[in-house]
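Chemist: would you be able to build a 3D model of this:
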Amino acid sequence: MSTLQGIVDIHAHADPDKTFRPIDVLELAKLYSDRGVRAMIIMNHYDPTAGLAYLAQKYVPNLQVFGGIVLNRLVGGINPLPVEHFILVEGGVGRVVYMPTLDAENEIRHDNSSRPFVRISKNAELLPEVLEMLSLIADRELILSTGHSSPEEVLMLIREAKKRGVEKILAMNPIIPPISMNIDQMKEAADLGALIEFIYYSVGRPDAPVTMRQYADAIKAIGPEHCILSSCGGQAWMPIHTFAWDQLFRGMREHGLTEGEIEQMTKVNPARLLDLDSNQ
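Modeler: Model (predicted):
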């Protein structure tokens with residue numbers, strides 16, 4: 001049996017994209033289908049991916065494919081109109097709304113950049129348009145991803161989202177810069193009801209900001225039942241998605257995580273995030 005049999009990759013990049021990718025969405029769908037992957041979410045920082053997900057699932061029917069929309073500047077930031085459109089795209093596979101990522105205020109300030117950014121909070125409070133967006137996500141039963149927000153913003157988002165009825169929340173790769181949540185903050189996010197994402201990209205790239213040991217130690221502290229492993233595959237200078245998974249699995253095993261815990265984080269938890277079992 002393939003080591004990828006039954007996994008769910010919630011963070012997969014592929015062409016077409018503004019950034020060069022070594023594989024396109026249809027090629028990735030076929031590759032994942034051949035390796036027994038159960039489902040994937042196509043992640044793009046700028047273009048909504050519900051349409052691509054529809055085509056990929058039609059091309060490879062035995063792989064479930066979902067799309068997302070990131071509230072960066074290209075869609076007008078915290079703007080309900082593209083979100084309403086996104087969930088009506090043919091196929092009904094638009095599933096994830098990401099708070100700003102590459103255009104997040106936290107990202108831009110971390111990089112000391114002069115680029116315009118999308119703000120989600122001011123004076124330690126979420127902006128009114130963000131509160132309205134959280135209500136929209138709750139009403140449409142979508143998944144909230146916290147994007148590249150600051151640790152304080154991530155926790156504010158989770159608390160307010162839960163108040164407004166958002167059931168599915170993903171803390172997006174919070175251990176790495178520019179988010180850089182510490183263990184206590186990630187545990188608090190998990191206790192509030194979020195799933196905590198750990199991506200291969202951040203441990204596999206040449207200038208990796210964290211190590212496999214740091215990942216494993218954080219996961220043990222938080223609890224695998226609150227964590228998700230994903231590839232963030234599709235970087236031009238990185239191994240292709242399937243190789244990235246092999247390396248991620250190896251690293252987790254080498255640092256003391258069991259096969260059952262790895263399955264929890266790659267199959268059970270992401271399937272729960274996407275309600276896969278209830279949708280079958």
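Chemist: neighbours around the nearest residue to I7 once chain neighbours are set aside, how many?
Modeler: Closest residue to I7 apart from its sequence neighbours, by C-beta to C-beta, 6 or more residues apart in numbering: T266 at 4.4 Å. From N, CA and C alone the C-beta is placed, and that goes for glycine too. Counted by other C-beta atoms under 10 Å, the residues lying close to T266 total 28.
Chemist: can you check M186 too?
Modeler: M186: 26 neighbours (other C-beta under 10 Å).
Chemist: tell me which element it falls in.
Modeler: Using DSSP states H and E, M186 falls within helix 183-192.
Chemist: okay, the angle between the helix or strand that that helix is followed by and helix 183-192?
Modeler: The helix or strand immediately downstream of helix 183-192 is strand 195-199, counting by DSSP H and E. With axes from the mean of the first three to the mean of the last three C-alpha atoms, to 10 degrees defining the directions, strand 195-199 sits at 130 degrees from helix 183-192.
Chemist: tell me what strand 195-199 is packed against?
Modeler: strand 8-12, strand 168-171, helix 183-192, helix 212-222, strand 227-230, helix 269-273 (3 or more C-beta pairs under 8 Å, 6 or more residues apart in numbering; DSSP states H and E).
Chemist: could you dump the ones you listed to JSON lines with mean pLDDT and distance to V89?
Modeler: Output for the helices and strands packed on strand 195-199, formatted as JSON lines (pLDDT from 0 to 100; distance: least, C-beta to C-beta, whole Å):
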{"stretch": "strand 8-12", "mean pLDDT": "98", "distance to V89": "18"}
{"stretch": "strand 168-171", "mean pLDDT": "98", "distance to V89": "19"}
{"stretch": "helix 183-192", "mean pLDDT": "98", "distance to V89": "30"}
{"stretch": "helix 212-222", "mean pLDDT": "98", "distance to V89": "34"}
{"stretch": "strand 227-230", "mean pLDDT": "98", "distance to V89": "23"}
{"stretch": "helix 269-273", "mean pLDDT": "98", "distance to V89": "20"}
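Chemist: did I read that right, L26 in a helix?
Modeler: Yes. Under DSSP: H, G, I helix; E, B strand; the rest coil, L26 falls within a helix.
Chemist: distance of it relative to L131?
Modeler: According to C-beta to C-beta, to the nearest Å, L26 and L131 sit 38 Å apart.
Chemist: again, but for M186
Modeler: 24 Å.
Chemist: count of residues packed around P22?
Modeler: Quick note: P22 (other C-beta under 10 Å) scores 18 neighbours.
Chemist: actually, V268.
Modeler: With other C-beta under 10 Å as criterion, V268 counts 17.
Chemist: could you do E27 as well?
Modeler: Every residue meeting other C-beta under 10 Å relative to E27 is counted, giving 16.
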